[in-house]
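J.: model the following, please.
(2 chains)
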Amino acid sequence: MAGRGWTLGKTALAVYTAIFLLFLYGPFIVLTIISFQGGPEGGPQFPLRDPGLYWYEQLFGLAPPSRIAPLDIGDSLWISIRLALMTMVISTTLGTLTALAFRRRFKGSGLAFYIVLLGIMAPGILLGLGTSLAANEIGMTRNWWSTGLFVHVVYTFPFAFVIMLAIFNRFDKSVEEVAQNLGANPLTTFRRITLPEIAPGILSAALFGFTLSYDEFPRSVLAAGSTNTLPLELYGTFTVEIHPNIFAFGVLTTLFSFGILLVYALLLSAFTRRRKRATGIQEEIG
Amino acid sequence: MLWMLLFLIVPLALIVYFSFWTQEGSALTPDLTLDSYQRFFRSDVYVGVMRNTIQTWLIVLGLTLLIGYPVAYFISMMVDNPRNQTILLLLAIIPFWTSFLIRVLAWRPMLGENGAINIVLQRLGIIDQPLSFLLYTEFGAILGMTQIYAVFMVGPITFSLGRLDRSVVDAARDLGASPLKVFKDIIWPLSLPGVVAGSIFVSVMVLGEFATNSALSGRKFNLLGNIILTQVGNLKWAFAAVVGVILTILIGIVIGLLLRVVDLRKQL
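T.: Numbering: from 1, shown residues only, chains lettered A, B, ... in the order given. All right, here's what the predicted structure looks like:
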């Protein structure tokens, strides 16, 4: 197929794909434009009347008070960040350990694998319902740091596990064995050989853990009880009249997600550079 | 693993168990009964919601496949440079990285009576009056879901087509097969694992959907997920559990049917 040049069909499909991407991004672009709506009288739709940063200023408490109350999201933002960090640490640790156990095929590993995948596949609302029922049964109050955390880890753990499994599958065990034969103790082997090799995986698992938990909604609705994580707070504002301030916040939280992705990409490239250097040295010696 | 057993398997099992409990008002007693199931199936409203759910699922599944397949085909078969393939795929996946609710919310200024779509259509002179069926209708909810879930169709199909040996396609062409025949006899069958994987993702998510729906249909149109939420809100735990069980069975049937098309385990 290579070198046939652009046929009519190919052009049509390229245009189609561009339209598809526009379909994916269009609503968000419109939302971004309207977030610059002049305030406080401008509504959540076109036309834009003297555009400015009013709604952004309002989010940070910099705008003069007006008829429209500022979004009250500080508490839920703080809850979401703490929950995402806890979820990240727990799911990355558990995922790594479980993947480590999977390096040796054990009895029931097939079934265990399916159970892990069920964590991703089970609809969030069902998981939330089941967890809430369980909490009721043992008389536990539903809260973000208890039942909320449980369901978040159930959701992010499979991602961490699958990533780490892929890393370990690629990993050459003989390197570890050589290190140990050359007299390195297990701790040194882990620190100098295993850790640098699996670090990018751990980073990816952590990224998934944090972002998925930060944006998680359907599981939290029931499981987080009366406390509101950020997505729950946002959802609450949907039912009342919406104002461009929520659009402005949408833009900011999206930028935040991208920021995390950027940090991840930078860290990852730092890791791979270090590993390349290590391989380079190895090759020189070899 | 213990975590998964404790917080995944036990809760799901409890849904089944609680669905047989007796519910009187908001009081729940452990006398096993089929009352809640009878209440569900005797009510036209709830059976109607189940029909809505199945109908929405079929429409969104069809739309995501129809919209997503050509995109996957273009990325995997027509873009030759692997770097460009990755970039296109990443562009499609990036929205997944942002808040689900913000993406749902973003449809509001698009679809409303003063929304972007209506303004553009009016400026172009295609319509005189703003279209009112776009937002707070079933249409809005389906459009929103299609946009959000289409990427789960594009990804697996792209991977599936990427593994396809292009020399087979070239050979068939050289032997004089028409493009349609090449697609029907070679490309489509070989992309089926991706289609099935994508369909499973989309199906599970659409069947368990409630948020996109309540935000874009204005709660005029209910899915099973919405019923679970309202019932829990009214402390009708047993009835919510019944709806949960029905939803689980529905999802089980759908996955079972899809796996009959292609057994994904053999593909791994």
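J.: quick check: end-to-end length of stretch B:7-21?
T.: End-to-end distance for stretch B:7-21: 21 Å, by C-alpha to C-alpha, to the nearest Å.
J.: tell me if that stretch is near chain A.
T.: Yes: applying C-beta under 8 Å from any C-beta of the partner chain, one finds stretch B:7-21 touching chain A at B:Phe7, B:Leu8, B:Ile9, B:Val10, B:Pro11, B:Leu12, B:Ala13, B:Leu14, B:Ile15, B:Phe18. Glycine gets a C-beta too; all of them are placed from N, C-alpha and C.
J.: buried only: go through those residues for me.
T.: For the residues of stretch B:7-21 next to chain A, a burial check counting by 16 or more other C-beta atoms under 10 Å in any protein chain shown picks out B:Phe7, B:Leu8, B:Ile9, B:Pro11, B:Leu12, B:Leu14, B:Ile15, B:Phe18.
J.: on the three-state scheme, the third one is what?
T.: Here B:Ile9 is helix, with the state taken from DSSP: H, G, I helix; E, B strand; the rest coil.
J.: wait, it touches A:Val116, no?
T.: No: using C-beta atoms under 8 Å, B:Ile9 is not in contact with A:Val116; the gap is 11.1 Å.
J.: now check stretch B:56-64, is it near chain A?
T.: No: judged by C-beta under 8 Å from any C-beta, stretch B:56-64 and chain A are separated, with a smallest distance of 11.2 Å.
J.: ok so, going back, so which of the buried ones among the residues of stretch B:7-21 next to chain A comes closest to A:Asp75?
T.: Using C-beta to C-beta, B:Phe7 comes nearest to A:Asp75 of these, at 25.3 Å.
J.: residues touching the closest one, list them.
T.: Going by C-beta atoms under 8 Å, 6 or more residues apart in numbering or on different chains, B:Phe7 touches A:Thr131, A:Phe150, A:Val151, A:Val153, A:Val154.
J.: any stretches of the stretch 101-250 of chain A with poor pLDDT?
T.: Along the stretch 101-250 of chain A, the model assigns pLDDT under 70 to no residue.
J.: quick one: name the residues of it near chain B.
T.: Residues of the stretch 101-250 of chain A found near chain B (C-beta under 8 Å from any C-beta) are A:112, A:115-116, A:118-119, A:121-127, A:129-134, A:136-137, A:150-151, A:153-154, A:157, A:211, A:215, A:217-218, A:221-222, A:231, A:234-235, A:238, A:242, A:246-247, A:250.
J.: can you select the buried ones among those residues for me in ChimeraX?
T.: To isolate the buried members of these in ChimeraX, using 16+ other C-beta under 10 Å:
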select /A:112,116,118,119,122,123,124,125,126,127,129,130,131,132,133,134,136,150,151,153,154,157,211,215,217,218,221,222,231,234,235,238,242,246,247,250
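J.: now the phi/psi pair for A:Arg82, please.
T.: A:Arg82 adopts backbone torsions of phi -60, psi -40, taken as degrees, to the nearest 10.
J.: flag every buried residue along stretch B:246-255.
T.: Within stretch B:246-255, the residues scored as buried using 16+ other C-beta under 10 Å are B:Ile246, B:Leu247, B:Thr248, B:Leu250, B:Ile251, B:Val254, B:Ile255.
J.: distance to chain A and secondary structure for these - can I get that in CSV?
T.: Shown next, in CSV, are these (distance: C-beta to the nearest C-beta, whole Å; DSSP: H, G, I helix; E, B strand; the rest coil):
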residue, distance to chain A, secondary structure
B:Ile246, 11, helix
B:Leu247, 6, helix
B:Thr248, 6, helix
B:Leu250, 10, helix
B:Ile251, 7, helix
B:Val254, 12, helix
B:Ile255, 8, helix
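J.: from these, pick the one nearest B:Arg163.
T.: Nearest to B:Arg163 out of the buried residues of stretch B:246-255 is B:Ile255 (C-beta to C-beta; 22.7 Å).
J.: need the contact list for the closest one.
T.: Listed by C-beta under 8 Å, 6+ apart, the contact set of B:Ile255 reads B:Ile200, B:Ser203, B:Val204.
J.: restricting to those residues, which residues neighbour chain A?
T.: Near chain A, by the rule C-beta under 8 Å from any C-beta, you find B:Ile200, B:Val204 out of the contacts of B:Ile255.
J.: and the buried residues of stretch B:246-255, which is closest to A:Leu187?
T.: Checking the buried residues of stretch B:246-255 against A:Leu187 by C-beta to C-beta gives B:Ile255 as the nearest, at 45.0 Å.
J.: mind pulling up the pLDDT for the residue in the stretch 101-250 of chain B positioned nearest to chain A?
T.: The stretch 101-250 of chain B approaches chain A most closely through B:Gly208 (2.5 Å), counting by C-beta to the nearest C-beta. pLDDT for B:Gly208: 91.
J.: can you pull the phi/psi pair for it?
T.: Backbone torsions of B:Gly208, given as degrees, to the nearest 10, read phi -90, psi 10.
J.: wait, it touches A:Gly128, no?
T.: No: counting by C-beta under 8 Å, B:Gly208 sits too far from A:Gly128 to count as a contact (10.2 Å).
J.: can you pull the residues that touch both of these two?
T.: Common contacts of B:Gly208 and A:Gly128 (C-beta under 8 Å, 6+ apart): A:Pro218.
J.: and the longest helix for the chain?
T.: By default, I'm working from chain A. Counting by DSSP state H, the longest helix found in chain A is helix A:244-285.
J.: nope, chain B
T.: Secondary structure of chain B read by DSSP H shows that its longest helix is helix B:44-73.
J.: quick one: list the elements packing against that one.
T.: If contacts are counted by 3 or more C-beta pairs under 8 Å, 6 or more residues apart in numbering or on different chains; DSSP states H and E, helix B:44-73 sits against helix A:8-34, helix B:35-42, helix B:138-162, helix B:188-207, helix B:224-233, helix B:237-261.
J.: to A:Trp144, which of those lies closest?
T.: helix B:224-233 (17.0 Å).
J.: anything in that closest one near chain A?
T.: Yes: contact of helix B:224-233 with chain A (C-beta under 8 Å from any C-beta) involves B:Gly225, B:Ile228, B:Leu229, B:Val232.
J.: tabulate those residues (JSON lines), appending neighbour count.
T.: Below are the residues of helix B:224-233 next to chain A laid out as JSON lines (neighbours: other C-beta atoms under 10 Å in any protein chain shown):
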{"residue": "B:Gly225", "neighbour count": "28"}
{"residue": "B:Ile228", "neighbour count": "29"}
{"residue": "B:Leu229", "neighbour count": "23"}
{"residue": "B:Val232", "neighbour count": "22"}
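J.: I'd like those residues as a markdown table, with pLDDT and distance to A:Phe106 appended.
T.: Shown next, in a markdown table, are the residues of helix B:224-233 next to chain A (pLDDT from 0 to 100; distance: C-beta to C-beta, whole Å):
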| residue | pLDDT | distance to A:Phe106 |
| --- | --- | --- |
| B:Gly225 | 90 | 37 |
| B:Ile228 | 90 | 37 |
| B:Leu229 | 87 | 40 |
| B:Val232 | 87 | 39 |
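J.: I appreciate the help and will end here.
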